[in-house]
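# The sequence and its predicted three-dimensional model are supplied below.
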Amino acid sequence: QVQLVESGGDLVQPGGSLRLSCANSGYTGNNYYTIGWFRQAPGKRREAICSISNSDGSIWYTDSVKGRFTISRDYAKGTMYLQMNRLKPEDTAVYYCAVQLYVTRLGTPDYWGQGTQVSVSS
């Protein structure tokens, strides 16, 4: 069983930065999985924003965050990070980390964290 716990959400001004963390524990049963971040803004669908494939190391970003957000992993600490720079009000959402097995891109994850709130406002 995989456990995911997000932290780091906060209220930040437009143009500011924030780093989210996702502590992951447990074992997926194999090394073929993808880990990444989703977000859900009020009244909108939950969307995948970035991911790292554990099998081939490929990294993907959705267009709206490309160039501003950076996903990374510290394998020794069992933690995934999302560095968010040049934040915009439209980045306001609950951010979730997620794991999906047997894929190199996130679709419908098998495991979810509980979410952390990011609010961007002046």
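Structure received. Numbering: from 1, shown residues only.
# Please give the number of neighbouring residues around the spatially closest residue to Y32 that is not a sequence neighbour.
Of all residues not flanking Y32 in the chain, S55 sits nearest, at 4.7 Å (CB to CB, 6 or more residues apart in numbering). Just so you know, the C-beta spots here come from the backbone N, C-alpha and C atoms, and that holds for glycine as well. S55: 13 surrounding residues under other CB atoms under 10 Å.
# if I read this right, S55 contacts L101, doesn't it?
No: the pair S55 / L101 is not scored as a contact, 10.5 Å apart, by CB atoms under 8 Å.
# Tell me which residue is most central in this structure.
The structure's the chain has its C-alpha centroid closest to W37; by CA atoms, centre = their mean the separation is 2.1 Å.
# thought that one was touching C97?
Yes: shown here, W37 and C97 form a contact pair, counting by CB under 8 Å, at 5.7 Å.
# residue ranges of the strands in the chain, please?
With strands called from DSSP state E, the chain shows them at 3-7, 11-12, 18-25, 33-40, 47-53, 59-61, 69-74, 79-84, 93-101, 111-112, 116-120.
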